[in-house]
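[1] Next come a sequence and a model predicted from it.
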Amino acid sequence: MDIHEEIKVTHRSTNEKEQLINRLKRIEGQVRGIQGMIENDRYCVDILTQISAINAALNKVGMHLLEKHTRHCVTDAIKDGDGEEAIQELMEVFKRFSK
């Protein structure tokens, strides 16, 4: 990263941070659980079910962040006259998120 490159930040409430971090910690625990399932030769379908649950949980976190970004960052950029750039960035995020 270039030292002159702007680092963007999003300010979140303490409550929102705690909720997101707790969700991510639960997901982290689920991933460790899958590792244990593999070590213990658990049935493939049981492991796949857990992977599906992790994907759903990550998508939920992602959708929360995407909504927050759209409602705040993109909206503010449009109001400030930087809407085209913000919308382009949002579309790139949609493309990555939907893969």
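    Right, received. Where do you want to start? Predicted model only: the values in this text are computed from it and were never measured.
[2] Ala53 contacts Gly29, doesn't it?
    No: using Cβ atoms under 8 Å, Ala53 is not in contact with Gly29; the gap is 11.5 Å. Heads up, the C-betas are built off the backbone N, CA and C, glycines and all.
[3] gap between the residue nearest to Thr10 when sequence neighbours are not counted and Ala56?
    Excluding its sequence neighbours, the residue lying closest to Thr10 (Cβ to Cβ, 6 or more residues apart in numbering) is Cys73, at 6.6 Å. Per Cβ to Cβ, to the nearest Å, Cys73 is found 25 Å from Ala56.
[4] Compare the two and say which one has the larger neighbour count.
    Cys73 (15 against 10; other Cβ atoms under 10 Å).
[5] I'd guessed that one sits against Arg12; true?
    No: counting by Cβ under 8 Å, Cys73 does not reach Arg12; the two are 11.8 Å apart.
[6] taking the mean pLDDT, what do you get for stretch 16-31?
    The average pLDDT within stretch 16-31 is 97.
[7] Can I get it in CSV, CA atoms only?
    The C-alpha trace of stretch 16-31 is given here as CSV (Å, rounded to 0.1, in the frame of the first residue of the first chain):
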residue,chain,number,x,y,z
GLU,A,16,-22.6,-2.9,16.9
LYS,A,17,-18.9,-3.8,17.3
GLU,A,18,-19.8,-6.2,20.2
GLN,A,19,-22.5,-7.9,18.1
LEU,A,20,-20.3,-8.4,15.1
ILE,A,21,-17.3,-9.6,17.1
ASN,A,22,-19.6,-12.1,19.0
ARG,A,23,-21.0,-13.4,15.7
LEU,A,24,-17.5,-13.8,14.3
LYS,A,25,-16.3,-15.6,17.5
ARG,A,26,-19.2,-18.0,17.1
ILE,A,27,-18.2,-18.7,13.5
GLU,A,28,-14.6,-19.2,14.6
GLY,A,29,-15.8,-21.8,17.1
GLN,A,30,-17.9,-23.5,14.4
VAL,A,31,-14.8,-23.7,12.2
